[in-house]
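J.: When you get a sec, could you give me coordinates for this:
(chains A, B, C and D)
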2 protein chains.
Amino acid sequence: MGRDTREAVLRAAEALFAEQGFRRTTLRAITRAAGVNLAAVHYHFGSKQALIEAVFARRIVPMNRERLRRLEAWEAAAQADLEGLIDAFAGPPLELARRPGGAVFVRLLGRSYTEPDPRLQAALRDLYEPVIERFKRAFAGVLPGLPPEELYWRLHFLVGLLAYLMSGADLMRLIASCRLCEPGDTAAIQARLRGFVAAGLRAPAPGMAAGPVPAGAASDG
Amino acid sequence: MGRDTREAVLRAAEALFAEQGFRRTTLRAITRAAGVNLAAVHYHFGSKQALIEAVFARRIVPMNRERLRRLEAWEAAAQADLEGLIDAFAGPPLELARRPGGAVFVRLLGRSYTEPDPRLQAALRDLYEPVIERFKRAFAGVLPGLPPEELYWRLHFLVGLLAYLMSGADLMRLIASCRLCEPGDTAAIQARLRGFVAAGLRAPAPGMAAGPVPAGAASDG
DNA sequence: GTCTATAACTAGATAGAC
DNA sequence: GTCTATCTAGTTATAGAC
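T.: This next block holds a predicted model:
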């Protein structure tokens, strides 16, 4: 059946891409893992590139729909606080990591931000653009007084942080031989992320009164 | 001369790896860009993998040496504050981005954190391990009262944020059509990063008094 | 040390039978 | 829709002349 073959290819491709990256993963490996024929990829998707983009769209479209749903719920709520907005943005990807089969895709998603291929970047941009725009306006509303440029960079920090967490890059754990923490516990991670990011977003902008003054900007400099 | 050929290969490889990734970059392209023969790579490095690791070691070793130098200066200073410690850690990579030829490597470095190849991960771990350990102890000293597990995650956030910035993934700019900011201005980025991260690191740990209490951890849960 | 030539292999894509 | 068989082009790596 065509539907099943297509799904099997998508599932196998997702797992192998997450493990090995795109270039290392051959269509032969994908079709072998999926238990289908090599030619099935070209029949259903047309090319390897089109398969890659289909793998992303299958997960990102519903994830971003859920983000917007939560954003609207947050806007409708009586107390629309910063923490709730962070959760609306960061919750769906982190929760996706908990669902069966979601963990591998989330690793792939985290890495995709730094993928140099311009075709993939263009495809991702189309998938993300409307969601980011909506959230940017919401953050601006809940952080009045923050200059637009500063807000832009702080959202950059949030996105980057989320990308790194999702990538599972676990560099620190490898290095610092830390056995304290369970990287799979996304609820705990989300709580820590929320606290850290909320404090960072609320920090006074550099150069504003009462804020931590960067070196060289103080009156004695 | 052997020395020149070797350097030319390293320089060309660095630029092409940063632009295209490792797999997409062929030894043919590297040697063509370097103006040397294809066989020179195998003569000087032995294999493509060994070349990749040499590209990283050439920049990371001095960068981490500079980090440790600043850490020691910070420890010797009268007022060893959190902001200074963040600068000692984040300064060298961000300043490397400003130096001629450094920008391309920093992009490569940012992406390397999420590279799935276990051989590269092992090589990077060996290069980073002693530095991260030293900084972890220093951060613990300047943030007393923060539980070790919470500290671990917050340093994770710092590392991830830095990795994303270095990767130049600029996803937000592509998406939000933001023309406000100059990504090349690393001094400004460092000031923003410093303020954001310092606030995040100083935030009360989830579950501690007077802090933002995560959902489900309050007394009514 | 550097080169040419080529071996040995692997990739994505396709034609055409069923 | 699915298969086998194959094409074409690209890769890393090496042998051996200079």
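J.: where exactly do the helices run in chain A?
T.: A:2-20, A:27-34, A:39-44, A:48-76, A:82-98, A:102-112, A:118-142, A:148-167, A:171-176, A:186-202 (DSSP state H).
J.: Could you give the number of residues near A:Val142?
T.: A:Val142: 17 surrounding residues under other CB atoms under 10 Å in any protein chain shown. Every C-beta, even on glycine, is put in place using the N, C-alpha and C of the backbone.
J.: Just give the closest residue to it, not the sequence neighbours.
T.: A:Leu82 (5.3 Å; CB to CB, 6 or more residues apart in numbering or on different chains).
J.: wait, doesn't that neighbour sit right on A:Gly141?
T.: No - look at A:Leu82 against A:Gly141 with CB atoms under 8 Å: they stay out of range, at 10.4 Å.
J.: Same drill for those two, tell me which one is more crowded.
T.: Set side by side, A:Leu82 and A:Gly141 show more neighbours around A:Leu82, with 18 against 11, by other CB under 10 Å.
J.: give the contact list for that one.
T.: A:Val142, A:Leu143, A:Ala198, A:Leu201, A:Arg202 (CB atoms under 8 Å, 6 or more residues apart in numbering or on different chains).
J.: doesn't A:Gly200 make contact with the second one?
T.: In this case it means A:Leu143. No - assessed by CB under 8 Å, A:Leu143 is found out of contact with A:Gly200, at 11.1 Å.
J.: quick one, which of these two is more surrounded?
T.: Between A:Leu143 and A:Gly200, A:Gly200 has the larger neighbour count (other CB under 10 Å), namely 25 against 17.
J.: wait, the more buried one sits on B:Phe196?
T.: Yes - contact criterion CB under 8 Å: A:Gly200 and B:Phe196 qualify, at 3.9 Å.
J.: which residues do the two both contact?
T.: Residues touching both A:Gly200 and B:Phe196 by CB under 8 Å, 6+ apart: A:Arg154, A:Phe157.
J.: can you give me phi and psi for A:Thr114?
T.: Dihedral pair for A:Thr114: phi -100, psi 10, per degrees, to the nearest 10.
J.: Touching, it and B:Gly110? I think so.
T.: Yes - between A:Thr114 and B:Gly110 there is a contact at 6.5 Å, judged by CB under 8 Å.
J.: Point to the helix or strand of chain A where mean pLDDT is at its lowest.
T.: helix A:171-176 (a mean of 54; mean pLDDT, DSSP states H and E).
J.: what does chain A put close to DNA strand D?
T.: A:Met1, A:Gly2, A:Asp4, A:Thr5, A:Val36, A:Asn37, A:Leu38, A:Ala39, A:Ala40, A:Tyr43, A:His44 (CB under 7 Å from any atom of the strand).
J.: Mind giving me the PyMOL select for these, buried ones only?
T.: Entered in PyMOL, the line below selects the buried ones among the residues of chain A next to DNA strand D, by 16 or more other CB atoms under 10 Å in any protein chain shown:
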select buried, chain A and resi 5+36+40+44
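J.: same for DNA strand C: which of the residues of chain A next to DNA strand D are within range?
T.: Okay, of the residues of chain A next to DNA strand D touching DNA strand C (CB under 7 Å from any atom of the strand), that's A:Leu38, A:Ala39.
J.: quick one: which of the residues of chain A next to DNA strand D is nearest to chain B?
T.: Distances from chain B to the residues of chain A next to DNA strand D, taken as CB to the nearest CB, are shortest for A:Leu38 (20.2 Å).
J.: ok now do that closest one, which residues does it touch?
T.: So A:Leu38 contacts A:Leu27, A:Arg28, A:Thr31 (CB under 8 Å, 6+ apart).
J.: Could you do A:Ala57 as well?
T.: A:Ala57 is in contact with A:Ala123, A:Leu127, counting by CB under 8 Å, 6+ apart.
J.: Mind doing that once more with 10 Å?
T.: When contacts are counted by CB atoms under 10 Å, 6 or more residues apart in numbering or on different chains, A:Ala57 touches A:Leu10, A:Ala123, A:Leu124, A:Asp126, A:Leu127.
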